[in-house]
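Student: Based on what follows, work out the 3D shape:
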Amino acid sequence: MTSYLLKGVSVLGGSPTDLLIKDGVIASGAGKADETIDATGLVALPGLVDLHTHLREPGREDAETVETGSRAAALGGYTAVFAMANTSPVADTAGVVEQVWRLGREAGLVDVQPIGAVTVGLAGKQMAELGAMATSAANVRIFSDDGHCVADPRLMRRALEYVKAFDGIIAQHAEEPRLTEGAQMHEGEVSTRLGLTGWPAVAEEAIIARDVLLAEHVGSRLHVCHVSTAGSVEVLRQAKARGVRVTAEVTPHHLLLTDELAASYDPVYKVNPPLRTAKDVEALRQALIEGVIDIVATDHAPHAVEDKECEWAYARPGMVGLETALPVVLSVLGEQWELIAERMSRAPARIAGLTGHGTDLSPGSPANLTLVDPAARRVVDPAELASRSRNTPYAGTTLPGRIVATFLRGEPTVLDGKAVK
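Tutor: This is a model prediction of the structure:
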């Protein structure tokens, strides 16, 4: 295995130092290496971990594959991603989650960990084979019907009780479907002006409130996907103060973009949950800083051209985000490297129980890391994305920071800003 000396690198924004990568781990001292990388001006972070990625395979390889999504992730500084279950067929059996897991291992660019469905076919009627997925080779520990809410409270309670046996997590897409039927965007002043059916914030908040009570009742672990409203933040704040075992995520786009963008009727801004108001964005940012929201997760949602370049009402919701997540977070938080490492690496790895990721870059630790050039600026060009899809809301936007290199267990997956394979 090739050894690497990262010369003059700044670990989490600290003073320049030399970092030696040898035999897949961070080595002590700064001895000789096979390759020396001039890392002057670069910041080293533990490899990023995404708990919410849509890789589309099996079934929608026209939008993304495990390999193309893995390459996009590596270029974004990620060393591990969790693949959502809304594939075709749905990842609701041991066989499908093992297929996704094996495809990730074959790609070898990031560690791909499947998320299993909570219910059969994401239909919300019958609990899926959670135990079989947990004991499979994929070792599934997080289950979600993301894209659909587990709306039945009795079924949600049963799922929370079931995963408690192996310290699993139910990750909820919080949306009361009877309040969002026909909804096209956030319900508010902009939706009224545009004449589009609104998606009320309470549809999210009501499910979160219900589910934290259920999780508290059974003593199980709940994770709330893509939190988007100020009201949701307050529900989570109160639940955490009571000691409920709840964690939550926010997407980069909900930290930056608002519902005003829907006025363009450009379907690239159609997302689930919808973009909210500037007040919500500010509440989400503060909650992330405080730790009421634990992590940033991309909700990377690639779509084929025909599913996005159409009328707003018929467009599929979702945005690609793996390659722009860190730059967007940098634009929001600034160079708060410790906070970024906690919210984008350590905390997601800790929540998922993912060993070997999210660790400090100290001697003996697995060499899962990324190098960032904070001085660089990048104009986002959809044609340059590694993802198979191009539905980015940041086309033509200048974002701070550039991923220079990513290492997975000491092997480079990205060097000089380009994928190694």
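
Student: Please tell me how far residue 90 sits from residue 179.
Tutor: Counting by C-beta to C-beta, to the nearest Å, the gap from residue 90 to residue 179 is 25 Å. Any C-beta I mention is one placed from the backbone N, CA and C, and that applies to glycine too.

Student: the more surrounded of the two?
Tutor: Neighbour totals were compared for residue 90 and residue 179, and residue 90 leads with 20 against 17 (other C-beta atoms under 10 Å).

Student: for the more buried one, what are its contacts?
Tutor: If you count contacts by C-beta atoms under 8 Å, 6 or more residues apart in numbering, residue 90 has them with 96, 117, 120-122.

Student: Need the three-state assignment for it.
Tutor: Recorded secondary structure, residue 90: coil (DSSP: H, G, I helix; E, B strand; the rest coil).

Student: Show me what counts as buried in the helix or strand containing residue 340.
Tutor: Using DSSP states H and E, the element containing residue 340 is helix 337-341. Neighbour-count burial for helix 337-341 flags 337, 339-341 (criterion: 16 or more other C-beta atoms under 10 Å).

Student: In TSV: those residues, plus pLDDT and distance to residue 361.
Tutor: Listed next are these as TSV, based on pLDDT from 0 to 100; distance: C-beta to C-beta, whole Å:
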residue	pLDDT	distance to residue 361
337	98	12
339	98	16
340	98	14
341	98	9
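
Student: And these, which is closest to residue 393?
Tutor: Closest approach to residue 393 among the buried residues of helix 337-341 (C-beta to C-beta): residue 340, at 20.8 Å.

Student: which residues sit in contact with the closest one?
Tutor: 45, 326, 329-330, 333.

Student: residue contacts, the spatially most central residue of the chain?
Tutor: Of all residues in the chain, the one closest to the mean position by C-alpha atoms, centre = their mean is residue 297, 2.6 Å from it. Applying C-beta under 8 Å, 6+ apart, we find residue 297 in contact with 50-52, 225-226, 249-251, 348.

Student: switch the cut-off to 7 Å
Tutor: 50-52, 249, 251 (C-beta atoms under 7 Å, 6 or more residues apart in numbering).

Student: Then residue 371?
Tutor: Applying C-beta under 7 Å, 6+ apart to residue 371 gives the contacts 9, 39, 42, 44, 404-405.

Student: end to end, how far does stretch 240-255 reach?
Tutor: 21 Å (C-alpha to C-alpha, to the nearest Å).

Student: quick check: mean pLDDT across it?
Tutor: Averaged across stretch 240-255, pLDDT comes to 98.
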